[in-house]
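Student: for reference, the sequence and a predicted model appear below.
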Amino acid sequence: MWIDLRSDTLTRPTAGMRRAIADAEVGDDVFGEDPTVNRLEGRVAALLGKESALFVPSGTMANQIAFRILTEPGDEIVMEADAHPFHYEAGGAAVVSGVTIRLVQGERGVLDPAVVRTALRPPNVHHAPARLLSVENTSNRGGGAVTSAQRCRELCAVAHEAGLHAHLDGARLWNAHVATGTPLAELAGPFDVVNVCMSKGLGAPAGSLVAGPRALAEKARRTRKMLGGGMRQVGILAAAAEYALDHHVSRLAEDHARARTLWEGLRDAGFAVEAAPETNILYFRVSDAPAFVGTLRERGVGAIAIAQDRVRLVTHLDVDDAGVARALEALRALG
(Lines give C-alpha, C1' and ligand atoms only; values in the text may rest on other atoms or scores of the structure.)
Protein backbone atom coordinates (compact mmCIF):
# COMPACT_ATOMS: atom_id res chain seq x y z
CA MET A 1 0.00 0.00 0.00
CA TRP A 2 1.41 3.38 -1.08
CA ILE A 3 1.07 6.19 1.51
CA ASP A 4 1.91 9.51 -0.12
CA LEU A 5 2.85 12.20 2.38
CA ARG A 6 4.84 14.37 -0.02
CA SER A 7 2.22 17.11 -0.34
CA ASP A 8 -1.47 17.94 0.05
CA THR A 9 -1.48 18.78 -3.67
CA LEU A 10 -1.53 15.03 -4.39
CA THR A 11 -5.17 14.51 -3.48
CA ARG A 12 -7.46 13.02 -6.10
CA PRO A 13 -11.07 14.10 -6.68
CA THR A 14 -13.51 12.13 -4.57
CA ALA A 15 -16.49 10.36 -6.13
CA GLY A 16 -18.78 13.21 -5.12
CA MET A 17 -16.41 15.79 -6.58
CA ARG A 18 -16.24 13.85 -9.85
CA ARG A 19 -20.04 13.92 -10.06
CA ALA A 20 -20.00 17.68 -9.47
CA ILE A 21 -17.46 18.07 -12.26
CA ALA A 22 -19.54 15.97 -14.65
CA ASP A 23 -22.70 17.93 -13.88
CA ALA A 24 -21.15 21.41 -13.99
CA GLU A 25 -22.88 24.13 -15.96
CA VAL A 26 -20.23 25.87 -18.06
CA GLY A 27 -19.64 28.82 -20.36
CA ASP A 28 -16.70 30.83 -21.68
CA ASP A 29 -15.00 32.36 -18.65
CA VAL A 30 -12.87 34.79 -20.68
CA PHE A 31 -16.15 36.36 -21.74
CA GLY A 32 -17.35 36.21 -18.15
CA GLU A 33 -20.02 33.70 -19.13
CA ASP A 34 -19.24 30.65 -17.02
CA PRO A 35 -21.99 30.59 -14.38
CA THR A 36 -20.18 28.14 -12.11
CA VAL A 37 -17.01 30.24 -12.09
CA ASN A 38 -19.01 33.41 -11.46
CA ARG A 39 -20.81 31.79 -8.54
CA LEU A 40 -17.54 30.50 -7.04
CA GLU A 41 -15.87 33.90 -7.35
CA GLY A 42 -18.74 35.62 -5.58
CA ARG A 43 -18.80 33.02 -2.85
CA VAL A 44 -15.07 33.18 -2.12
CA ALA A 45 -15.05 36.98 -2.19
CA ALA A 46 -17.79 36.98 0.45
CA LEU A 47 -15.98 34.41 2.60
CA LEU A 48 -12.83 36.55 2.55
CA GLY A 49 -14.67 39.82 3.09
CA LYS A 50 -13.55 41.24 -0.25
CA GLU A 51 -15.43 42.96 -3.06
CA SER A 52 -14.36 40.64 -5.88
CA ALA A 53 -12.45 37.46 -6.66
CA LEU A 54 -10.86 35.98 -9.76
CA PHE A 55 -10.43 32.25 -10.46
CA VAL A 56 -6.95 31.37 -11.78
CA PRO A 57 -5.19 28.09 -12.59
CA SER A 58 -2.68 27.95 -9.74
CA GLY A 59 -1.44 29.44 -6.49
CA THR A 60 1.78 30.58 -8.13
CA MET A 61 -0.16 32.52 -10.75
CA ALA A 62 -2.35 33.96 -8.00
CA ASN A 63 0.72 35.30 -6.18
CA GLN A 64 2.23 36.69 -9.36
CA ILE A 65 -1.00 38.46 -10.29
CA ALA A 66 -1.15 40.01 -6.83
CA PHE A 67 2.44 41.22 -7.12
CA ARG A 68 1.85 42.65 -10.59
CA ILE A 69 -1.23 44.65 -9.65
CA LEU A 70 0.24 46.01 -6.40
CA THR A 71 3.76 47.00 -7.54
CA GLU A 72 5.65 48.74 -10.32
CA PRO A 73 8.94 47.62 -11.91
CA GLY A 74 11.89 48.48 -9.69
CA ASP A 75 9.89 48.13 -6.47
CA GLU A 76 10.71 45.85 -3.55
CA ILE A 77 8.50 43.20 -1.95
CA VAL A 78 9.15 42.37 1.70
CA MET A 79 8.47 38.80 2.83
CA GLU A 80 9.59 36.18 5.35
CA ALA A 81 12.81 34.34 4.56
CA ASP A 82 11.06 30.99 4.00
CA ALA A 83 8.16 32.38 1.93
CA HIS A 84 6.84 30.34 -0.97
CA PRO A 85 7.16 33.08 -3.64
CA PHE A 86 10.89 33.35 -2.97
CA HIS A 87 11.70 29.64 -2.87
CA TYR A 88 9.21 27.97 -5.21
CA GLU A 89 7.95 30.33 -7.91
CA ALA A 90 10.84 30.26 -10.37
CA GLY A 91 11.84 33.90 -9.92
CA GLY A 92 8.43 34.98 -11.16
CA ALA A 93 8.36 38.25 -9.23
CA ALA A 94 11.47 39.46 -11.07
CA VAL A 95 10.28 38.27 -14.49
CA VAL A 96 6.60 39.20 -14.34
CA SER A 97 6.71 42.35 -12.21
CA GLY A 98 10.33 43.46 -12.43
CA VAL A 99 10.63 43.68 -8.66
CA THR A 100 13.17 42.58 -6.08
CA ILE A 101 12.46 40.64 -2.89
CA ARG A 102 13.76 41.62 0.53
CA LEU A 103 13.77 38.75 3.00
CA VAL A 104 13.05 39.22 6.70
CA GLN A 105 13.75 36.43 9.18
CA GLY A 106 10.73 35.25 11.13
CA GLU A 107 10.04 32.33 13.44
CA ARG A 108 8.66 29.21 11.73
CA GLY A 109 7.72 31.42 8.80
CA VAL A 110 5.78 33.90 10.94
CA LEU A 111 6.87 37.54 10.78
CA ASP A 112 7.35 39.81 13.78
CA PRO A 113 5.86 43.30 13.17
CA ALA A 114 8.72 44.97 15.05
CA VAL A 115 11.30 43.21 12.90
CA VAL A 116 9.43 44.18 9.73
CA ARG A 117 9.28 47.81 10.86
CA THR A 118 13.03 47.80 11.45
CA ALA A 119 13.68 46.19 8.06
CA LEU A 120 11.82 48.90 6.15
CA ARG A 121 14.37 51.39 4.89
CA PRO A 122 13.64 55.12 4.56
CA PRO A 123 13.34 56.48 1.02
CA ASN A 124 16.72 56.71 -0.65
CA VAL A 125 17.69 57.03 -4.29
CA HIS A 126 20.03 54.06 -3.86
CA HIS A 127 17.29 51.65 -2.69
CA ALA A 128 14.47 49.88 -4.43
CA PRO A 129 11.36 51.41 -2.83
CA ALA A 130 9.47 48.95 -0.65
CA ARG A 131 5.95 48.75 -2.05
CA LEU A 132 4.44 45.53 -0.75
CA LEU A 133 4.48 43.28 2.31
CA SER A 134 3.60 39.66 1.49
CA VAL A 135 2.58 37.26 4.27
CA GLU A 136 2.16 33.47 3.88
CA ASN A 137 -0.49 31.85 6.08
CA THR A 138 0.01 29.06 6.87
CA SER A 139 3.77 28.84 6.31
CA ASN A 140 4.83 25.83 4.24
CA ARG A 141 8.51 25.81 5.18
CA GLY A 142 7.54 26.90 8.69
CA GLY A 143 5.81 23.57 9.28
CA GLY A 144 2.26 24.78 8.68
CA ALA A 145 2.55 27.49 11.35
CA VAL A 146 -0.37 29.89 11.61
CA THR A 147 -0.13 33.68 11.60
CA SER A 148 -2.91 34.72 13.99
CA ALA A 149 -5.53 37.31 13.11
CA GLN A 150 -4.02 39.69 15.66
CA ARG A 151 -0.56 39.28 14.13
CA CYS A 152 -2.06 39.84 10.66
CA ARG A 153 -3.58 43.12 11.82
CA GLU A 154 -0.29 44.22 13.36
CA LEU A 155 1.70 43.37 10.24
CA CYS A 156 -0.72 45.14 7.94
CA ALA A 157 -0.70 48.18 10.21
CA VAL A 158 3.09 48.36 9.92
CA ALA A 159 2.86 48.05 6.13
CA HIS A 160 0.09 50.60 5.68
CA GLU A 161 1.68 53.13 8.03
CA ALA A 162 4.83 52.94 5.90
CA GLY A 163 2.87 53.37 2.67
CA LEU A 164 3.09 49.72 1.56
CA HIS A 165 0.32 47.50 0.29
CA ALA A 166 -0.26 44.20 2.10
CA HIS A 167 -0.77 40.85 0.38
CA LEU A 168 -1.77 37.52 1.90
CA ASP A 169 -0.55 34.32 0.29
CA GLY A 170 -3.33 32.27 1.81
CA ALA A 171 -2.77 29.07 -0.12
CA ARG A 172 -3.51 27.18 3.10
CA LEU A 173 -5.65 29.84 4.77
CA TRP A 174 -8.37 27.19 5.11
CA ASN A 175 -6.06 25.30 7.47
CA ALA A 176 -5.42 28.42 9.54
CA HIS A 177 -9.17 29.02 9.74
CA VAL A 178 -9.95 25.48 10.92
CA ALA A 179 -6.99 25.27 13.32
CA THR A 180 -7.87 28.51 15.11
CA GLY A 181 -11.62 28.80 14.59
CA THR A 182 -11.04 32.33 13.28
CA PRO A 183 -13.39 33.43 10.49
CA LEU A 184 -11.76 33.63 7.09
CA ALA A 185 -12.78 37.26 6.69
CA GLU A 186 -10.99 38.14 9.93
CA LEU A 187 -7.77 36.46 8.79
CA ALA A 188 -8.00 38.09 5.37
CA GLY A 189 -9.52 41.42 6.34
CA PRO A 190 -6.45 43.63 6.90
CA PHE A 191 -4.85 42.70 3.57
CA ASP A 192 -5.38 44.59 0.33
CA VAL A 193 -5.24 41.47 -1.83
CA VAL A 194 -5.62 37.84 -0.74
CA ASN A 195 -5.27 34.56 -2.60
CA VAL A 196 -6.47 31.11 -1.56
CA CYS A 197 -5.81 27.71 -3.11
CA MET A 198 -8.41 25.03 -3.79
CA SER A 199 -6.02 22.23 -4.81
CA LYS A 200 -4.11 21.70 -1.58
CA GLY A 201 -5.96 20.68 1.57
CA LEU A 202 -9.38 21.14 0.00
CA GLY A 203 -8.63 18.49 -2.60
CA ALA A 204 -9.79 20.12 -5.84
CA PRO A 205 -7.73 19.16 -8.90
CA ALA A 206 -6.68 22.73 -9.74
CA GLY A 207 -7.40 26.38 -9.11
CA SER A 208 -6.83 29.36 -6.83
CA LEU A 209 -8.61 32.66 -6.36
CA VAL A 210 -7.28 36.20 -6.03
CA ALA A 211 -9.57 38.48 -4.02
CA GLY A 212 -9.51 42.19 -3.34
CA PRO A 213 -11.15 45.52 -4.11
CA ARG A 214 -13.32 45.87 -7.20
CA ALA A 215 -11.04 48.67 -8.43
CA LEU A 216 -8.26 46.12 -9.02
CA ALA A 217 -10.46 43.46 -10.60
CA GLU A 218 -9.93 44.44 -14.24
CA LYS A 219 -6.19 44.82 -13.78
CA ALA A 220 -6.08 41.37 -12.22
CA ARG A 221 -8.14 39.91 -15.06
CA ARG A 222 -5.88 41.48 -17.67
CA THR A 223 -2.78 40.17 -15.90
CA ARG A 224 -4.31 36.69 -15.79
CA LYS A 225 -4.84 36.88 -19.54
CA MET A 226 -1.28 38.11 -20.11
CA LEU A 227 0.09 35.15 -18.13
CA GLY A 228 -1.94 32.65 -20.14
CA GLY A 229 -4.48 32.01 -17.41
CA GLY A 230 -7.57 32.97 -19.39
CA MET A 231 -9.47 29.69 -19.45
CA ARG A 232 -12.66 28.82 -21.27
CA GLN A 233 -15.25 26.27 -20.01
CA VAL A 234 -13.51 26.14 -16.66
CA GLY A 235 -16.70 25.62 -14.68
CA ILE A 236 -15.69 21.95 -14.48
CA LEU A 237 -12.85 23.05 -12.17
CA ALA A 238 -14.93 25.66 -10.37
CA ALA A 239 -17.52 22.96 -9.63
CA ALA A 240 -14.81 20.88 -7.96
CA ALA A 241 -13.84 23.91 -5.89
CA GLU A 242 -17.45 24.50 -4.88
CA TYR A 243 -17.77 20.88 -3.83
CA ALA A 244 -14.58 21.25 -1.78
CA LEU A 245 -16.02 24.29 0.01
CA ASP A 246 -19.17 22.35 0.82
CA HIS A 247 -17.52 19.12 1.98
CA HIS A 248 -13.79 19.48 2.66
CA VAL A 249 -13.22 22.51 4.87
CA SER A 250 -14.23 21.30 8.33
CA ARG A 251 -12.61 17.90 7.72
CA LEU A 252 -9.20 19.62 7.62
CA ALA A 253 -9.25 19.09 11.39
CA GLU A 254 -8.76 15.39 10.65
CA ASP A 255 -5.57 16.16 8.71
CA HIS A 256 -4.31 18.28 11.59
CA ALA A 257 -4.97 15.50 14.10
CA ARG A 258 -3.18 12.96 11.90
CA ALA A 259 -0.18 15.25 11.53
CA ARG A 260 -0.03 15.46 15.31
CA THR A 261 -0.19 11.65 15.53
CA LEU A 262 2.69 11.38 13.07
CA TRP A 263 4.72 13.93 14.99
CA GLU A 264 4.14 12.21 18.32
CA GLY A 265 5.07 8.84 16.82
CA LEU A 266 8.29 10.24 15.37
CA ARG A 267 9.15 11.98 18.63
CA ASP A 268 8.56 8.84 20.66
CA ALA A 269 10.70 6.86 18.21
CA GLY A 270 13.62 9.22 18.83
CA PHE A 271 13.52 11.27 15.63
CA ALA A 272 14.74 14.87 15.71
CA VAL A 273 11.32 16.40 15.18
CA GLU A 274 10.82 20.12 14.82
CA ALA A 275 7.97 22.02 16.54
CA ALA A 276 4.65 20.21 16.95
CA PRO A 277 2.42 20.86 13.94
CA GLU A 278 -0.35 23.42 14.24
CA THR A 279 -1.94 22.21 11.01
CA ASN A 280 -1.03 19.48 8.49
CA ILE A 281 2.71 19.91 7.85
CA LEU A 282 5.60 18.62 9.92
CA TYR A 283 9.37 18.42 9.59
CA PHE A 284 12.11 16.32 11.12
CA ARG A 285 15.87 16.13 10.73
CA VAL A 286 18.08 13.27 9.57
CA SER A 287 21.72 13.29 8.49
CA ASP A 288 21.04 12.41 4.83
CA ALA A 289 17.49 13.39 3.92
CA PRO A 290 17.60 12.43 0.20
CA ALA A 291 18.86 8.93 1.02
CA PHE A 292 16.33 8.58 3.84
CA VAL A 293 13.46 9.60 1.58
CA GLY A 294 14.61 7.15 -1.08
CA THR A 295 14.68 4.27 1.38
CA LEU A 296 11.33 5.30 2.81
CA ARG A 297 9.86 5.24 -0.68
CA GLU A 298 11.01 1.64 -1.08
CA ARG A 299 8.93 0.90 2.01
CA GLY A 300 5.84 2.42 0.45
CA VAL A 301 5.81 5.91 1.96
CA GLY A 302 6.32 9.18 0.08
CA ALA A 303 8.09 12.12 1.70
CA ILE A 304 10.12 15.11 0.48
CA ALA A 305 13.67 16.13 1.37
CA ILE A 306 13.65 19.93 1.29
CA ALA A 307 17.26 20.18 2.45
CA GLN A 308 20.18 17.84 2.94
CA ASP A 309 19.06 17.19 6.52
CA ARG A 310 15.33 18.08 6.52
CA VAL A 311 12.31 15.91 5.65
CA ARG A 312 8.72 17.10 5.17
CA LEU A 313 5.52 15.11 5.72
CA VAL A 314 2.06 16.47 4.84
CA THR A 315 -1.27 14.89 5.78
CA HIS A 316 -4.27 15.29 3.50
CA LEU A 317 -7.60 13.97 2.25
CA ASP A 318 -6.16 10.76 0.79
CA VAL A 319 -4.37 9.59 3.96
CA ASP A 320 -6.57 8.05 6.67
CA ASP A 321 -5.73 6.73 10.14
CA ALA A 322 -4.61 3.40 8.71
CA GLY A 323 -2.29 5.22 6.34
CA VAL A 324 -0.74 7.17 9.19
CA ALA A 325 -0.20 3.95 11.15
CA ARG A 326 1.41 2.33 8.12
CA ALA A 327 3.67 5.34 7.57
CA LEU A 328 4.78 5.32 11.21
CA GLU A 329 5.60 1.64 10.96
CA ALA A 330 7.87 2.30 7.98
CA LEU A 331 9.45 5.34 9.62
CA ARG A 332 10.17 3.52 12.89
CA ALA A 333 11.92 0.78 10.94
CA LEU A 334 14.38 3.38 9.69
CA GLY A 335 14.79 5.24 12.98
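Tutor: Right, received. Where do you want to start? Residues are numbered from 1 along each chain as shown.
Student: longest helix in the protein, by number of residues?
Tutor: As assigned by DSSP state H, the longest helix anywhere in the chain is helix 252-268.
Student: following that helix, which helix or strand shows up next?
Tutor: Following helix 252-268 in sequence order, the next helix or strand is strand 272-273 (DSSP states H and E).
Student: which other helices and strands does that next one contact?
Tutor: helix 252-268, strand 281-285 (3 or more CB pairs under 8 Å, 6 or more residues apart in numbering; DSSP states H and E). For the C-beta atoms, the positions are set from N, CA and C on the backbone; glycine is no exception.
Student: for Thr295, find the nearest of those.
Tutor: Closest of these to Thr295 is strand 281-285, at 14.6 Å (criterion: CB to CB).
Student: partner strands of that closest one, with direction?
Tutor: strand 272-273 (antiparallel), strand 310-314 (antiparallel) (DSSP bridges).
Student: contacts for the longest one, please.
Tutor: Put plainly, it is strand 310-314. Counting by CB atoms under 8 Å, 6 or more residues apart in numbering, strand 310-314 makes contact with 5-8, 259, 262, 280-286, 289, 292-293, 303-306, 327, all of which sit outside it.
Student: that one versus helix 252-268: what angle between them?
Tutor: Relative orientation of strand 310-314 and helix 252-268, computed by axes from the mean of the first three to the mean of the last three CA atoms, to 10 degrees: 150 degrees.
Student: for the next helix-or-strand element following strand 310-314, packing partners?
Tutor: Downstream of strand 310-314, the next assigned helix or strand under DSSP H and E is helix 321-334. Packing partners of helix 321-334 (3+ CB pairs under 8 Å, 6+ apart): strand 3-4, helix 252-268, helix 289-298, strand 301-302.
Student: now the strands for this protein?
Tutor: 3-4, 52-56, 76-80, 100-104, 130-136, 165-170, 193-197, 208-212, 272-273, 281-285, 301-302, 304-307, 310-314 (DSSP state E).
Student: let me see the mean pLDDT of the longest one.
Tutor: Mean pLDDT, strand 130-136: 98.
Student: next one: stretch 197-209
Tutor: On average, stretch 197-209 scores 97.
Student: pull out the buried residues from it.
Tutor: For stretch 197-209, burial by neighbour count (16 or more other CB atoms under 10 Å) applies to 197-209.
Student: what would these look like in a markdown table with distance to Leu266?
Tutor: Below are the buried residues of stretch 197-209 laid out as a markdown table (distance: CB to CB, whole Å):
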| residue | distance to Leu266 |
| --- | --- |
| Cys197 | 27 |
| Met198 | 30 |
| Ser199 | 27 |
| Lys200 | 22 |
| Gly201 | 21 |
| Leu202 | 26 |
| Gly203 | 25 |
| Ala204 | 29 |
| Pro205 | 30 |
| Ala206 | 32 |
| Gly207 | 33 |
| Ser208 | 31 |
| Leu209 | 35 |
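Student: name the nearest of the residues you listed relative to Gly230.
Tutor: Scanning the buried residues of stretch 197-209 for proximity to Gly230, where the rule is CB to CB, the winner is Gly207, at 13.8 Å.
Student: nearest spatial neighbour of that closest one, skipping sequence neighbours?
Tutor: Leaving aside its sequence neighbours, Gly207 sits nearest to Met198 (CB to CB, 6 or more residues apart in numbering; 4.5 Å).
Student: before we move on, the earlier item: any of the contacts of strand 310-314 buried? List them.
Tutor: By neighbour count, with 16+ other CB under 10 Å, the contacts of strand 310-314 hold 5-8, 259, 262, 280-284, 286, 289, 292-293, 303-306, 327 as buried.
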